[in-house]
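**Q** A predicted structure for the sequence below; I have some questions about it.
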Amino acid sequence: MKPAGPIPPHFNTVIGDLIIAQQPVAYWIEQARDTPLFVYDFNVIAARVARLRAALPGGIDVHYAIKANPFAPLVAAMSKLVDGLDVASAGELAVALESKPGAAISFAGPGKRDDELSAAITAKATINLESDGEATRSLLIGQRLGIAPRLAVRVNPDFELRGSGMKMGGRASPFGVEVDRAAALVRRVAAEGADWRGFHIFAGSQALDSDAIIETQAATLALAERLSDEAGLAPPLVNLGGGLGIPYFAGDRPVDVERIGAALGDALASTTLPGARFAIELGRWLVGEAGVYLTRIVDRKESRGETFLVVDGGLHHQLAASGNFGTVVKRNYPIAVAHRMGAEPEETVSVVGALCTPLDRLADRVALPRADVGDVMAVFLAGAYGLSASPSRFLGHPEPAEILAGASLY
């Protein structure tokens with residue numbers, strides 16, 4: 001038997017039924033007309049944003065990284081609560097512009113095509129430059145359009161975020177400009193007529209070590225100060241990245257955002273970047289715990305002493321829960337029988353999807369209450385890197401529904 005991760009505490013029960021945004025699972029399935037589906041509780045997201053703002057010192061902008069969940073209704077609702085939107089493609093840029101015309105938008109990621117750079121410059125989005133070559137292309141496109149491009153320099157930091165699930169600094173990388181080249185690039189883009197917008201410094205993601213996050217934020221501020229001095233130009237904005245993780249697996253503990261915010265306030269009090277604004281860019285921490293993936297059991301079978309619950313969904317919708325999205329060791333996301341929340345485990349089962357591959361396993365030998373054909377399984381922490389990060393066209397199964405619940409209240 002392998003343990004499952006902790007179910008987020010905001011999902012309560014009524015006589016054993018899972019409740020999402022004040023409604024039982026059966027209500028949301030009726031709205032979608034079928035399973036599988038994703039339900040995102042915007043009440044949870046709004047509470048996360050409010051908690052973050054209360055924890056952060058004044059003068060810190062909150063940006064939403066659309067890559068975590070680009071569902072257009074969610075982005076539109078989120079845009080009312082945050083100060084900026086971060087995109088990583090022309091498609092995400094279009095979602096951001098449709099959600100909130102005139103919003104503060106930044107565009108990150110290597111390999112931006114010329115048409116994407118052109119669209120970003122026309123939309124007056126800030127391009128986080130990943131290389132000298134990208135700077136050259138952006139400047140030429142801006143000249144052709146007659147628009148001074150808004151350019152920030154993404155820095156590949158000479159340190160990493162300790163304990164992060166995905167390290168983005170302290171090593172050779174396709175992301176960002178090396179520390180020893182960043183100041184020269186700042187001087188160049190400013191001299192050639194760009195609207196220089198500052199630094200973007202991102203050292204890692206999915207970290208649960210609050211001390212490591214505090215240490216990295218202090219190092220990021222110190223690096224921004226050093227590069228500003230070397231460039232001879234004060235940055236209008238320093239994007240400190242994000243990195244705040246959420247507890248997916250047994251034994252994981254949530255980060256202490258209040259302590260992180262207090263430490264950041266202390267660090268900012270001694271910084272020497274006159275006139276600069278600062279931003280925190282988050283995706284997973286804001287939306288991950290708000291989502292639930294619902295999938296119905298279509299078969300129950302025994303094989304060589306093991307029980308398999310076969311569902312109508314799978315890794316083509318929720319790749320990360322199957323352990324095939326950057327996870328080295330297969331561990332179980334939080335999962336439950338949706339109408340038997342809180343019931344004692346009665347058996348050890350594996351929950352497998354509809355695809356003809358042994359990789360399609362949403363839970364591996366997990367202890368659950370008895371579940372039968374027709375029952376609904378709930379996979380939690382499905383609000384980030386879910387459907388859009390999964391191979392939904394693999395084997396031609398139908399797309400799941402997505403529902404944003406509770407957004408009308410905001």
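**A** Done, it's in.

**Q** distance of the nearest residue to residue 24 once chain neighbours are set aside relative to residue 43?
**A** Once flanking residues are discounted, residue 24 sits nearest to residue 17: 4.4 Å by C-beta to C-beta, 6 or more residues apart in numbering. In short, each C-beta sits where N, CA and C put it, glycine included. Distance, residue 17 to residue 43, by C-beta to C-beta, to the nearest Å: 18 Å.

**Q** what of residue 12?
**A** 12 Å.

**Q** between these two, which is the more surrounded one?
**A** Per other C-beta atoms under 10 Å, whichever of residue 12 and residue 43 has more neighbours is residue 43, with 18 against 12.

**Q** what's the helix or strand for that one?
**A** Using DSSP states H and E, the element containing residue 43 is helix 42-55.

**Q** beyond the helix or strand encompassing residue 217, next helix or strand please.
**A** Residue 217 is part of helix 210-231 when elements are defined by DSSP H and E. Beyond helix 210-231 in the direction of the C-terminus, DSSP H and E gives the next helix or strand as strand 237-239.

**Q** following element in sequence after that next one, please.
**A** Counting by DSSP H and E, what follows strand 237-239 is helix 257-269.

**Q** need the contact partners of that following helix.
**A** 51-52, 55-57, 59-60, 210, 213-214, 217-218, 221, 240, 244, 278 (C-beta atoms under 8 Å, 6 or more residues apart in numbering).

**Q** listing partners with orientation, what would you give for whatever helix or strand comes next after it?
**A** In the C-terminal direction, the helix or strand that comes right after helix 257-269 (DSSP H and E) is strand 277-282. Under the criterion DSSP bridges, strand 277-282 sits next to strand 60-65 (parallel), strand 237-239 (parallel) in its sheet.

**Q** a markdown table for those strands, including mean pLDDT and mean neighbour count?
**A** As requested, these are exported to a markdown table (pLDDT from 0 to 100; neighbours: other C-beta atoms under 10 Å):
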| stretch | mean pLDDT | mean neighbour count |
| --- | --- | --- |
| strand 60-65 | 96 | 22 |
| strand 237-239 | 96 | 26 |
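
**Q** kindly present the ones you listed as a markdown table, with separate columns for distance to residue 295.
**A** Shown next, in a markdown table, are the strands paired with strand 277-282 (distance: least, C-beta to C-beta, whole Å):
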| stretch | distance to residue 295 |
| --- | --- |
| strand 60-65 | 26 |
| strand 237-239 | 37 |
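
**Q** mind checking which of these is nearest residue 78?
**A** strand 60-65 (5.1 Å; C-beta to C-beta).

**Q** right, and the helix or strand after the closest one?
**A** helix 72-78.

**Q** and the contacts of that following helix?
**A** Taking C-beta under 8 Å, 6+ apart as the rule, helix 72-78 contacts 40, 42, 45, 49, 64, 66, 69, 85, 95-96, 98-100, 286-287, 404, 407, 410.

**Q** filter those down to the buried ones, ChimeraX style.
**A** A single ChimeraX command selects the buried members of the contacts of helix 72-78 (16 or more other C-beta atoms under 10 Å):
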select :40,42,45,49,64,66,69,85,95,96,99,100,286,287,404,407
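
**Q** residue at max distance from the center of the protein?
**A** Most distant residue from the mean C-alpha position of the chain: residue 304, 39.4 Å away (C-alpha atoms, centre = their mean).

**Q** confidence score at that residue?
**A** pLDDT for residue 304: 94.

**Q** what's the spacing between the residue nearest to residue 331 when sequence neighbours are not counted and residue 335?
**A** In this structure, residue 331 finds its nearest non-sequential neighbour in residue 249, 4.5 Å apart by C-beta to C-beta, 6+ apart. Separation of residue 249 from residue 335 (C-beta to C-beta) stands at 12 Å.

**Q** higher neighbour count, those two?
**A** The residue with more neighbours, out of residue 249 and residue 335, is residue 335; 21 against 18, by other C-beta under 10 Å.

**Q** show me what the more buried one is bridged to.
**A** Beta-bridge partners of residue 335, as defined by DSSP bridges: residue 379.

**Q** show me the contacts for it.
**A** Residue 335 neighbours (C-beta under 8 Å, 6+ apart): 4, 321, 351, 362-363, 366, 368, 377-380.

**Q** need these in JSON lines (columns: secondary structure).
**A** As requested, the contacts of residue 335 are arranged in JSON lines below (DSSP: H, G, I helix; E, B strand; the rest coil):
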{"residue": "4", "secondary structure": "strand"}
{"residue": "321", "secondary structure": "helix"}
{"residue": "351", "secondary structure": "strand"}
{"residue": "362", "secondary structure": "strand"}
{"residue": "363", "secondary structure": "strand"}
{"residue": "366", "secondary structure": "strand"}
{"residue": "368", "secondary structure": "strand"}
{"residue": "377", "secondary structure": "strand"}
{"residue": "378", "secondary structure": "strand"}
{"residue": "379", "secondary structure": "strand"}
{"residue": "380", "secondary structure": "strand"}
